[in-house]
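Enquirer: turn this into a model:
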Amino acid sequence: QVQLVESGGGLVQAGGSLRLSCAASGRTSSIYAMGWFRQAPGKERELVAAVRWTEGITYYRDSVKGRFTISRDNAKNTGYLQMNSLKPEDTAVYYCATSPRWGPRPYEYDSWGQGTQVTVSS
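Expert: Numbers count the residues shown, from 1 in each chain. Below is the predicted model:
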């Protein structure tokens, strides 16, 4: 089992930046991918970005390409999501999650952080 602890959410004005962190502990050797999901009220949870833990290959959903950057520090077992040029539509609870495989669906991820609120004001 992998335990995940997130930090870094908050309130920011449109155009601003935030950096989310996700510290992993436990069976970190089982991590194949780390993903950042978000869920806004009344909407489904969606994958924002993902990174293959060893190779560093990344995926981004179209709406965040060029604005968000996912990265990881294997030595610290920590993943990051740098969010720039934030928009009000980015407002959601953000979750980090890890998976033993590469996929975009929430059910493919077996460990989840507690979630952190990101609010972007216009």
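Enquirer: against Tyr109, how distant is Ser71?
Expert: From Ser71 across to Tyr109, the span is 18 Å (Cβ to Cβ, to the nearest Å). Where C-beta positions appear, they are placed from N, C-alpha and C, glycine not excepted.
Enquirer: same question, Arg27
Expert: 14 Å.
Enquirer: so Asp110 sits against Thr98, correct?
Expert: Yes. If you go by Cβ atoms under 8 Å, Asp110 and Thr98 touch, sitting 7.2 Å apart.
Enquirer: how far does stretch 62-78 stretch from start to finish?
Expert: End-to-end distance for stretch 62-78: 24 Å, by Cα to Cα, to the nearest Å.
Enquirer: cool, and stretch 106-119?
Expert: 22 Å.
Enquirer: quick one: distance of it to the chain centre.
Expert: Relative to the centre of its chain, stretch 106-119 is centred 7 Å away, using Cα atoms, centre = their mean, to the nearest Å.
Enquirer: same question for stretch 65-79.
Expert: 9 Å.
Enquirer: ok, residues contacting it?
Expert: 21-25, 28, 34, 36, 48-51, 53-54, 56, 58, 60, 80-86, 96 (Cβ atoms under 8 Å, 6 or more residues apart in numbering).
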